[in-house]
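K.L.:
Everything below, folded, please.
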Amino acid sequence: VNAHKTVVARLAAATLIAGLAAPALADAPGKDWMPIDQVLTKLSEAGYGPVRSIEADDGVWKAKAERDGRTIKVQVDPRTGAVVEKAKRQSDD
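P.N.:
Prediction:
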């Protein structure tokens, strides 16, 4: 019984270590997503100025862009390019 517990404990530890050693998988755009250059065009057409960053995350494009002199975080629908959520941020970030 103790030998079995030891084997199970070693397997659990090895699995945990292997999981920690593996690189985190970043979100990637889906096959049916609008290409990033089209998303940037859509943001520009919607009145957003320079885009500071953009990435695929949690099933949407997430961007930080300028609008009305402020940096705004926006989430963009990956298929239509429509801004689906925005939050104002301080302009000094």
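K.L.:
Where does Lys73 sit: helix, strand or coil?
P.N.:
Judged by DSSP: H, G, I helix; E, B strand; the rest coil, the three-state class of Lys73 is strand.
K.L.:
How many neighbouring residues does it have?
P.N.:
Neighbourhood size, Lys73 [other Cβ atoms under 10 Å]: 16. Placement of C-beta: from N, CA and C, glycine included.
K.L.:
Pull up the gap between it and Asp32, please.
P.N.:
The spacing between Lys73 and Asp32, counted by Cβ to Cβ, to the nearest Å, is 24 Å.
K.L.:
So which residues of the protein form helices?
P.N.:
Here the chain has its helices, by DSSP state H, at 2-21, 36-45.
K.L.:
weakest of the ones you listed by average pLDDT?
P.N.:
If you rank the helices of the chain by mean pLDDT, helix 2-21 sits at the bottom with a mean of 46.
K.L.:
these two touch, right, Thr80 and Met34?
P.N.:
Yes: between Thr80 and Met34 there is a contact at 7.3 Å, judged by Cβ atoms under 8 Å.
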